[in-house]
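sequence plus the predicted model coming up.
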2 protein chains.
Amino acid sequence: MNELELLERIAARAPGAGLTLGIGDDCAVYRPRGSREDLLFTTDMTIEGVHFRRETHPPEAVGWKTLARGLSDIAAMGGVPRFCLLSLAAAPWADERWIDRFYTGFLRLARKHGVALAGGDLAHAGRVTCDIVVCGSVARGKALRRDGARPGDNIYVSGRLGGSALGLVTGAGAAWKKHLNPEPRIALGRFAREKLHATACMDLSDGLSLDLYRLSKASGVEANLDGTVPVFRGATLHQALDGGEDYELLFTVRPRAQVPPSFESLPLTRIGVIRKGQPGRVEYDGRQLLPRGYDHFGSGKK
Amino acid sequence: MNELELLERIAARAPGAGLTLGIGDDCAVYRPRGSREDLLFTTDMTIEGVHFRRETHPPEAVGWKTLARGLSDIAAMGGVPRFCLLSLAAAPWADERWIDRFYTGFLRLARKHGVALAGGDLAHAGRVTCDIVVCGSVARGKALRRDGARPGDNIYVSGRLGGSALGLVTGAGAAWKKHLNPEPRIALGRFAREKLHATACMDLSDGLSLDLYRLSKASGVEANLDGTVPVFRGATLHQALDGGEDYELLFTVRPRAQVPPSFESLPLTRIGVIRKGQPGRVEYDGRQLLPRGYDHFGSGKK
């Protein structure tokens, strides 16, 4: 059973009152009574040995990335982050100084985006385990979703892909920095929603091949990568297609939408087009691209 | 550094825009623009080996308790739970059947309180680690807090204390059931807010001696336990005073408030009175009662 199958099973059993969008997108969407804005909620775990290594990752970077993962989900829905909650289970080796440096990195990113740390929980565990919840807001009914891509839409990505996977190998240079301190694309998500009227959007957390599969599956369409995938300097095509944790945005727009070549000096690249066909199928260079990105819960597939 | 000290340090560094109440109470309070209700948020971790044992705790009970901890915080603020997010990191030993049974217990409690499971995250970890976020709502500006107790107020608790600590020892009978399936006091929290006009309220998660210390400290007052603490049948006075995880409510009311002896067959017992004095000091039987409840993050004190 992989993550997607498990989520589908849980979603089928779970009650859903008051929610306009539940399990399966980047964020849940909640509409408070009488409110002009919808609230977005997302939660992401960051675990020692899975998402970071004690030996190589500075505590500031662990704090930064813990929050960045949640902010990136808010960006994917075209929202603005408002506040967050942090649960931190500290391992025996994580002393006061490590925790202090963790918060330094965490709060640096929080300040950059005006996100309040509203609360949280502290506990002990065998390994450092962080869970972040971010609440964002978006104009009522306007959140970007995964399931809106339609045949004929052009597919875009921001930035250059594979940098984080490369950085994990090299442990140095620009790629390592990209891995340690990913920049959530909050302003771009808002631009894609308000100006480009994107039809679907999600963030690239688990790799293009897996995430595009998810977007196409949710939208009930096929994706054809007939453009050039922008590759991070020094990374392999494999790292760009299957490497995770780039936290760039993947979005689709109507055929006539005018997308500038860059947004705030971040490149925006057309990589393909949406077609009718088998939901979730991704074609690359005339052949099927299998979803090989990282799935924490399954066998590495789907 | 214990949890309270660490939270105070973080709170001092964290930005707080848009929040009417941040770190330090049972829930954070957020006021959406134009909304008639305030939203309450709480997060709690449930960790294998800390909050439950694989050998003794049925998976349904782990799922139930994971959610109950969050619901109890909503009850403590006098709110109504709306939806929740669940992050679950599964250990290698937790197979599909364990996870399925976990969700059975989780969703049973969710349905009982009409709480939607809006989303979550799944990952792998060395030990099972669950993090629950619950969002609740309460009429604008009406949330019960810890810091409102005033000299002369009477102190009450619901139910009988020490049952959960006793159950952990005996592993059988009513006390074990109390430990495995605590009932969040949602209806009582609302009653305390709307009918009793409680001046302060919190849930008993870490034991009366520690939690009453926290309430008195937050309110800047002293507490005098001049009444009889209701003890769960078979439990010791020590378990009733210092045992955690009873998830009953501790609240204070003005001297003239009429508190019935029970609410929906749950006993309500006057255990003491609030006085001017050293903030956080708790007197019992003429002597200081030290805060000995369980503090996951510290040395067991404060």
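Structure's in. What do you need?

chain B contacts on the stretch 51-200 of chain A?
For the stretch 51-200 of chain A, the residues in contact with chain B (Cβ under 8 Å from any Cβ of the partner chain) are A:82-83, A:85-87, A:89-90, A:96, A:99, A:103, A:107, A:110-111, A:114-127, A:129, A:131, A:133, A:135, A:137. Bear in mind the C-beta positions are built from the backbone N, C-alpha and C, glycine included.

of those residues, select the buried ones using a PyMOL command.
Written as a PyMOL command, the selection of buried residues from these, which uses 16 or more other Cβ atoms under 10 Å in any protein chain shown, is:
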select buried, chain A and resi 82+83+85+86+87+89+90+99+103+107+110+115+116+117+118+119+120+121+122+123+124+125+126+127+129+131+133+135+137
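
in helices, which of the residues of the stretch 51-200 of chain A next to chain B fall?
If you go by DSSP state H, those have A:Glu96, A:Ile99, A:Tyr103, A:Leu107, A:Ala110, A:Arg111 in helices.

spatially, which two of those residues are the most separated?
Largest separation among those by Cβ to Cβ: A:Glu96 and A:Arg111, giving 22.0 Å.

helices and strands of chain A: which one bottoms out on pLDDT?
Comparing helices and strands within chain A by mean pLDDT, DSSP states H and E singles out helix A:3-13 as the least confident, with a mean of 58.

so A:Ser137 bridges to which residues?
A:Leu39, A:Val80 (DSSP bridges).

ok, now A:Ala200?
Listed beta-bridge partners, A:Ala200: A:Thr252 (assigned using DSSP bridges).

distance check, it against A:Tyr156.
A:Ala200 sits 11 Å away from A:Tyr156, going by Cβ to Cβ, to the nearest Å.

now do the shared contacts for these two.
The overlap between the contact sets of A:Ala200 and A:Tyr156 (Cβ atoms under 8 Å, 6 or more residues apart in numbering or on different chains) consists of A:Phe251, A:Thr252.

how is chain A divided into domains?
When chain A is parsed into structural domains using automatic domain parsing, the resulting residue ranges are A:3-139, A:154-288.

out of those domains, which comes closest to B:Ala75?
Comparing these by their distance to B:Ala75 (Cβ to Cβ), the top pick is domain A:3-139, with 16.4 Å.

from A:Ala200, how far out is A:Pro74?
Slight slip there: residue A:74 is Ile, not Pro. 16 Å.

more neighbours: these two, which one.
Under the neighbour definition other Cβ atoms under 10 Å in any protein chain shown, A:Ile74 and A:Ala200 were set side by side, and A:Ile74 has more, 32 against 25.

so that one: helix, strand or coil?
helix (DSSP: H, G, I helix; E, B strand; the rest coil).

need the contact list for the residue nearest to it when sequence neighbours are not counted.
Using Cβ to Cβ, 6 or more residues apart in numbering or on different chains and skipping residues adjacent in sequence, the residue nearest A:Ile74 is A:Gly136, 3.7 Å away. Remark: with contacts taken as Cβ under 8 Å, 6+ apart, A:Gly136 is in contact with A:Cys27, A:Leu39, A:Leu40, A:Phe41, A:Thr42, A:Ile74, A:Met77, A:Gly79, A:Val80, A:Pro81, A:Arg82.

from the contact counts, what lies against the helix or strand where A:Val273 lies?
Assignment of secondary structure by DSSP states H and E places A:Val273 within strand A:266-275. Counting by 3 or more Cβ pairs under 8 Å, 6 or more residues apart in numbering or on different chains; DSSP states H and E, the packing neighbours recorded for strand A:266-275 are strand A:154-158, strand A:222-225.
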